[in-house]
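Peer 1: Model the following, please.
(chains A, B, C and D)
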There are 2 protein chains.
Amino acid sequence: MNDVAEAAGVSIATVSAFLNGTSNVSPQSTQRIETAIRETGYKRNAIARSLKMGTTHTVGLTIPHITNPFFTQIVSVIQQAFDRAGYAVMLFCTDEHLHNQDEQIRLLLDRMVDGLLVARVGDDATFKQLVDGARVPVVLIDRLCQGVDVDSVTLDNRQAVFEAISYLISLGHRRIGYISGIVDISTIHDRGEGYRQALQAAGLSLDPELMQLGDFHEGDGYRAAMRLLMLPDRPTAIFSANNPMVVGAMKAMRDLGLKCPDDISVACFDDFAWADVFEPQMTTVAQPVEAIGEQAAQLLLERLQGRAPSEPRRLVLKGRLMVRNSCAPMTPGRGTAWPRSA
Amino acid sequence: MNDVAEAAGVSIATVSAFLNGTSNVSPQSTQRIETAIRETGYKRNAIARSLKMGTTHTVGLTIPHITNPFFTQIVSVIQQAFDRAGYAVMLFCTDEHLHNQDEQIRLLLDRMVDGLLVARVGDDATFKQLVDGARVPVVLIDRLCQGVDVDSVTLDNRQAVFEAISYLISLGHRRIGYISGIVDISTIHDRGEGYRQALQAAGLSLDPELMQLGDFHEGDGYRAAMRLLMLPDRPTAIFSANNPMVVGAMKAMRDLGLKCPDDISVACFDDFAWADVFEPQMTTVAQPVEAIGEQAAQLLLERLQGRAPSEPRRLVLKGRLMVRNSCAPMTPGRGTAWPRSA
DNA sequence: TTGTAGGCGTTATCAT
DNA sequence: ATGATAACGCCTACAA
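Peer 2: Model prediction:
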């Protein structure tokens, strides 16, 4: 900017005024400054600007996995929303790893992001401490945190799973396997609750063997499903509480020569683009990803612009069961013998 | 930092020295500073630091689509690599839109990122100008740019498609439809070239009607495939030059009552996690996504650390044909009548 | 309309 | 070992 001022024969204050349109600059100066900028190839330094202004026009976003289509879609929407508002988004993936999240949020805060959107990970206490230390607004996405009272956008996970499991029950299934991530977060907990309540509502007893936990990855989905399928009295249906794990479950079934939905009915959380083009067409619980991303962005934007109520807003959206053909009605005698093909 | 210095009864210079371990600080001062930091809840301001140091320890990454698993996997690897090296990654999605890319890169540059990784978009000239204006190292991913001589990691797209099409030909297919994005980038061009050369090598003539272009999205894949399938002499096989479009193509076939691979064989570029669990199990060209991301990160990291040769390094990796069951041998009489089911 | 000067939070140089 | 002080590039009173 100094160079520009010099080249244009004016002071840097004038250049700044011109750049920001903050006060009137004479046509001649304008002219000269414009050419000077072009000639020097000047680029405004946003870092210096941020230092002075105390705002970076950047928000931080942390998610557990970037390869999970669910988060990917949300990221996409959020990015677009902030783009429109003139904000940049700094994205980090924690890979469901507490240590990463800690460090990443610290990093984000160090960099003076104006706000934080987080699909969190790890135990409540640590996270609470982190949020309390932040001096910027935080919006929770997908996963809540006990004791942290900030804006949030989540799904009614309990009810969504309740509906899915009830559907399976209505098809006649009695032994329904459930695979899920094991991390102690609200989402996981609520989904498990939905499973239990659906069984209970149907007067079915809960067999602990039928709930198999792992991490959130395909590999653990495979192992969890394997344990289920090797049970002497194996389930006739499997519900996966997340998307990556169902892929592993399908692979386990394939390796065991079990067909879906003929031998086992399968359904899972989170819809995906090609759910209705490949066979079996997966029955899923679709989350309103666009709404989630859009609302989360709005919540934060409003706070950043100071036009938000002081008390936290907690949005809870509803999931939608997408019935396709991966679940078949239960027929008598099914699932009792193993291997069935023998 | 002022507060800390005051609370510890030392000067800010000492605090800074302590923080950076740049010079020896007496044990007593160390003690006092440590407690002062704890008490004041001090957080180092990375913005001010960047301003002074001229480095942000942040790199920019722009990709066309975040919902495309191919890019998603690369992003994941790149993030991890820079994480290990102590860098943050700022991710932007251009949505295959030139205007966005321009603005995003400008933004990134304004923010003084130390380097840029870009899977580019738009015409060569504009992009060249952008890169020339950058005063930081740039690494091209997936897509090259004429006239821009910087480090790059790409795939031998021509050869990969050549192999895939040749495989289809070896199965007996003669009329092979090709759907692709239309944007004028190296990747698209090379893939088209692979298609043409494979036909030529087999002594087959090129029917322009068989090459249908659209954007990169599912919707256009649907429309492109529809045009192909409505041809009086419709193809017996379809190759999609990208992943999202093949989903659309499959939907088109479904809507027309055409089965894969019985009626039409299908293959596409870019492998995906569940390619071998759902039916049809898609035959794909797998890119070495991990290697691409890892290498790109290394290339940039080396430059940032000043241990890179001055001349640009151009890495070209090889794709791998993953043969599954979405392509069937051609049988006489197939594909000639329409609708076949009639 | 334009210029001068102080300061945002760091780091680095140079005295002490 | 420590402290004063000058940048880094920008914005903003305030003065001219």
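Peer 1: tell me, how many neighbours does whichever residue of chain A sits closest to DNA strand D end up with?
Peer 2: Residue nearest to DNA strand D within chain A: A:M1 (2.7 Å; C-beta to the nearest atom of the strand). To be clear about C-beta, it is placed using only N, CA and C from the backbone, and glycine gets the same treatment. Counted with other C-beta atoms under 10 Å in any protein chain shown, the neighbours of A:M1 add up to 17.
Peer 1: Ok, A:Q200 next?
Peer 2: Neighbourhood size, A:Q200 [other C-beta under 10 Å]: 12.
Peer 1: Return the residues in contact with it.
Peer 2: A:L206 (C-beta atoms under 8 Å, 6 or more residues apart in numbering or on different chains).
Peer 1: Just the element for it, please.
Peer 2: Secondary structure assigned from DSSP states H and E places A:Q200 in helix A:186-201.
Peer 1: buried set for the next helix-or-strand element following that helix?
Peer 2: Per DSSP H and E, the first helix or strand lying C-terminal to helix A:186-201 is strand A:211-214. Within strand A:211-214, the residues scored as buried using 16 or more other C-beta atoms under 10 Å in any protein chain shown are A:M211, A:Q212, A:L213, A:G214.
Peer 1: mind giving me CSV with those residues and columns for distance to chain B and pLDDT?
Peer 2: Output for those, formatted as CSV (distance: C-beta to the nearest C-beta, whole Å; pLDDT from 0 to 100):
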residue, distance to chain B, pLDDT
A:M211, 23, 97
A:Q212, 18, 97
A:L213, 21, 95
A:G214, 16, 93
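Peer 1: and which of those is nearest A:N325?
Peer 2: Comparing the buried residues of strand A:211-214 against A:N325 with C-beta to C-beta picks out A:Q212 as the nearest, at 24.3 Å.
Peer 1: what's the neighbour count on the closest residue to that closest one other than its chain neighbours?
Peer 2: Nearest residue to A:Q212, sequence neighbours excluded (C-beta to C-beta, 6 or more residues apart in numbering or on different chains): A:A224, at 3.8 Å. Counted with other C-beta under 10 Å, the neighbours of A:A224 add up to 27.
Peer 1: For burial, what's the neighbour tally of A:A291?
Peer 2: Other residues near A:A291 come to 16 when the count uses other C-beta under 10 Å.
Peer 1: is it fair to say it lies in a helix?
Peer 2: Yes - judged by DSSP: H, G, I helix; E, B strand; the rest coil, A:A291 forms part of a helix.
Peer 1: bridging residues for the closest residue to it other than its chain neighbours?
Peer 2: Spatial nearest neighbour of A:A291, excluding adjacent residues (C-beta to C-beta, 6+ apart): A:L317 at 5.9 Å. Taking DSSP bridges as the rule, A:L317 bridges to A:L155.
Peer 1: Quick check: the gap between A:L317 and A:P309.
Peer 2: Separation of A:L317 from A:P309 (C-beta to C-beta, to the nearest Å): 20 Å.
Peer 1: Equivalent analysis for A:D102, please.
Peer 2: In this view, A:D102 and A:P309 are 30 Å apart by C-beta to C-beta.
Peer 1: measure the residue of chain A closest to DNA strand D to A:A88 for me?
Peer 2: Separation of A:M1 from A:A88 (C-beta to C-beta): 21 Å.
Peer 1: Let me see the contact set for A:L116.
Peer 2: Counting by C-beta under 8 Å, 6+ apart, A:L116 touches A:59-62, A:105, A:108-109, A:134, A:136-139, A:300.
Peer 1: Can you classify A:L91 by secondary structure?
Peer 2: Strictly by three-state DSSP, A:L91 counts as strand.
Peer 1: What is the neighbour count of the closest residue to A:V113 other than its chain neighbours?
Peer 2: Excluding its sequence neighbours, the residue lying closest to A:V113 (C-beta to C-beta, 6+ apart) is A:G60, at 4.3 Å. Using other C-beta under 10 Å, the number of residues around A:G60 comes to 25.
Peer 1: Chain B contacts on the stretch 201-342 of chain A?
Peer 2: The stretch 201-342 of chain A comes close to chain B at residues A:218, A:244, A:247, A:250-251, A:254, A:273-274, A:276-280, as judged by C-beta under 8 Å from any C-beta of the partner chain.
Peer 1: now that we have the residues you listed, which one has the most neighbours?
Peer 2: Neighbours here mean other C-beta under 10 Å. Within these, the largest count is held by A:M250, at 28 neighbours.
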